[in-house]
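**Q** quick one, fold the following:
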Amino acid sequence: MSEQKASALGAHLKRLRSERGLSLAQVAEGTKVSESYLFYLEAGQRLKPHPEFLHRIATFYGVLVEDLYAAAGDTPADELPELGVYLRAKYGLSEDEARQLENYKDFLTERADDEHRPQQPATRASRHRP
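**A** Now for the predicted structure:
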């Protein structure tokens, strides 16, 4: 993680803490993460936060861990839920709305793949189709 991304995560964590009127000591006690570690996270001085600690912090603040990963600029695929699950949880979408967005994402992905796929040279027969 770059220093800029560490700073973005730190600012996000500091904002969460201040919005709730909590001290670092209170967050440390509630998350079982050391106060000094939290201080360095908020200061943007931890370039690679431990995933277990991000999960504890997300649970403590009642936010999605995916949002913390996104703020950190890191989205490890094995740590994130399927898009539909995430959208339902994050935005309260219905199953059908989440499925429609998932289908649209698949469509966009396939279209992007087609655009980046090398074009086959046209054969004589394919060039003269009516």
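
**Q** rest of the way, CA atoms for contacts and neighbours
**A** OK.

**Q** domain assignment for the chain?
**A** Taking automatic domain parsing as the criterion, the chain consists of the domains 3-75, 83-116.

**Q** determine which stretch of those domains is the most buried.
**A** Counting by mean count of other Cα atoms under 10 Å, domain 3-75 has the highest mean neighbour count of those, with a mean of 17.

**Q** and it, average pLDDT?
**A** Domain 3-75 shows a mean pLDDT of 85.

**Q** which outside residues touch stretch 18-28?
**A** The contact list for stretch 18-28, computed with Cα atoms under 8 Å, 6 or more residues apart in numbering, reads 17, 33-35, 38-39, 60.

**Q** could you dump those residues into CSV with distance to Ala112 added?
**A** Below are the contacts of stretch 18-28 laid out as CSV (distance: Cα to Cα, whole Å):
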residue, distance to Ala112
Arg17, 40
Val33, 42
Ser34, 44
Glu35, 45
Leu38, 40
Phe39, 42
Phe60, 39
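
**Q** and which of those is nearest Glu102?
**A** Nearest to Glu102 among the contacts of stretch 18-28 is Phe60, at 29.4 Å by Cα to Cα.

**Q** the host helix or strand of Gln100 packs against which elements?
**A** Per DSSP states H and E, Gln100 falls inside helix 95-116. Identification of packing neighbours for helix 95-116 by 3 or more Cα pairs under 8 Å, 6 or more residues apart in numbering; DSSP states H and E yields helix 83-91.

**Q** helices - which of the contacts of stretch 18-28 land there?
**A** 17, 35, 38-39, 60 (DSSP state H).

**Q** nearest to Leu108, of those residues?
**A** Nearest member of those to Leu108, counting by Cα to Cα, is Phe60, at 35.7 Å.

**Q** pretty sure that closest one contacts Gly30?
**A** Yes: Phe60 is within contact range of Gly30, at 6.6 Å (criterion: Cα atoms under 8 Å).
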